[in-house]
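> Sequence below, structure please.
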Amino acid sequence: MAIELWRVEHAESLKLWLQAWAEFEALNALASYSYENPDHTFPEFGSGAAHFGALEMGHPLLPHASCVANDVELSRKCPFYVVSGSNMSGKSTLLRAVGMNVVLAMAGAPVRARRLRLTPLQVGASIRVSDSLQEGSSRFYAEITRLRQILDLAGGDLAGGDPALLFLLDELLQGTNSNDRRVGAEGIVNALVSRGAIGLASTHDLALTDIGGAVAGGLRNVHFQDELANGRMTFDYKLRDGVVTKSNGLELMRSIGLDV
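Numbers count the residues shown, from 1 in each chain. Okay, the predicted model is just below:
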């Protein structure tokens, strides 16, 4: 009876108490992150067209000893990066670093960068999309479904206060043939950029590095390099301008005994 009396008196307040406790837990996590990373900086927010400008940005979860910092500048003048390079060279990590730092910034936390200037952004990502036997969905169908959702995010009411979209597309449309991939990528990126979005896409298909003329607003090609010596591939994870000019896929296959 005492418990029932307590419930009658305090049941409605319990929801407010739980909300307050949840907010306290979230703020405590952000404060702990800031305390444990004194070298991280708080971002600077601006207004106007979508913008993301980071100096010496790294992935927030990588150890200090192995984290390589890079600069990324996305704006109306250059809203889109195509990131080329081999497997394990750092393409996906760069996309994740950009996305995680935006999430931290929007949550009010410090970011892993010497300096970060950005407008309010929401993140739409197509990373590690997989097929589903249970749902009868192929990887390609799962990816284009995700791309449809990202495109819908880009159609938000910017005048009404909705943040602009930052899109992150890892291995864009790799589940289809080269011609469909190129045509599809041009159409998707054009649609996103024309709606005021900015972002990055990684690819192994060098044909996608030549869609700049078809993308309104401009495109910047960047790449990661690797070195293969004595059957061992090494990476410096430094972002460079231009399209990757070499491929070590065949050499790597031969180094492990494949007759190619």
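> Would you mind splitting this protein into its domains for me?
1-36, 44-255 (automatic domain parsing).
> how about these in a markdown table, adding mean pLDDT and mean neighbour count?
Where you see a C-beta, it was placed from the backbone N, CA and C, and this is true even at glycine. Listed next are the domains of the chain as a markdown table, based on pLDDT from 0 to 100; neighbours: other CB atoms under 10 Å:
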| stretch | mean pLDDT | mean neighbour count |
| --- | --- | --- |
| domain 1-36 | 93 | 10 |
| domain 44-255 | 84 | 17 |
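> can you give me the helices in the protein?
For the chain, the helices defined by DSSP state H occupy 2-36, 91-107, 139-154, 178-194, 249-255.
> would you turn those helices into CSV with distance to residue 70?
Below are those laid out as CSV (distance: least, CB to CB, whole Å):
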stretch, distance to residue 70
helix 2-36, 21
helix 91-107, 7
helix 139-154, 23
helix 178-194, 21
helix 249-255, 24
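> right, and these - which one's nearest residue 236?
The closest of the helices of the chain to residue 236 is helix 91-107. By CB to CB, the value is 12.9 Å.
> Packing partners of that closest one?
Other helices and strands packing on helix 91-107, by 3 or more CB pairs under 8 Å, 6 or more residues apart in numbering; DSSP states H and E, are helix 2-36, strand 52-57, strand 70-74, strand 80-84, strand 115-118, strand 121-126, strand 164-169, strand 198-203.
> can you do 6 Å?
If you count contacts as 3 or more CB pairs under 6 Å, 6 or more residues apart in numbering; DSSP states H and E, helix 91-107 packs onto strand 121-126, strand 164-169.
> and residue 65, which of these is closest to it?
Ranking the helices and strands packed on helix 91-107 by proximity to residue 65 (CB to CB) places strand 164-169 first, at 25.8 Å.
> so that closest one versus strand 70-74, what angle?
Interaxial angle of strand 164-169 relative to strand 70-74 (axes from the mean of the first three to the mean of the last three CA atoms, to 10 degrees): 130 degrees.
> Strand 164-169 pairs with which strands, parallel or anti?
Taking DSSP bridges as the criterion, strand 164-169 sits next to strand 121-126 (parallel), strand 198-203 (parallel) in its sheet.
> report the angle between the axes of it and helix 178-194?
Put simply, strand 164-169 runs at 160 degrees to helix 178-194, going by the same axes, to 10 degrees.
> residues making contact with strand 164-169?
Applying CB atoms under 6 Å, 6 or more residues apart in numbering, the contact partners of strand 164-169 are 50, 95, 99, 102, 121-126, 150, 153-154, 192, 196-201.
> for stretch 55-68, same thing?
69, 71, 93, 97, 100, 112-115, 237.
> got those as JSON lines, with distance to residue 227 columns?
Rendered in JSON lines, the data for the contacts of stretch 55-68 read as follows (distance: CB to CB, whole Å):
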{"residue": "69", "distance to residue 227": "20"}
{"residue": "71", "distance to residue 227": "22"}
{"residue": "93", "distance to residue 227": "18"}
{"residue": "97", "distance to residue 227": "22"}
{"residue": "100", "distance to residue 227": "28"}
{"residue": "112", "distance to residue 227": "26"}
{"residue": "113", "distance to residue 227": "27"}
{"residue": "114", "distance to residue 227": "27"}
{"residue": "115", "distance to residue 227": "30"}
{"residue": "237", "distance to residue 227": "12"}
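> tell me which of those residues is nearest to residue 140?
Nearest to residue 140, judged by CB to CB, of those is residue 93 at 23.8 Å.
> Once you drop chain neighbours, what's closest to that closest one?
Excluding the flanking residues, the one nearest residue 93 by CB to CB, 6 or more residues apart in numbering is residue 59, at 5.7 Å.
> one step back: adding distance to residue 15, write the helices and strands packed on helix 91-107 out as TSV.
Shown next, in TSV, are those (distance: least, CB to CB, whole Å):
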stretch	distance to residue 15
strand 121-126	27
strand 164-169	33
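> Out of those strands, the one nearest residue 87 is which?
So among the helices and strands packed on helix 91-107, strand 164-169 is nearest, using CB to CB, at 16.9 Å.
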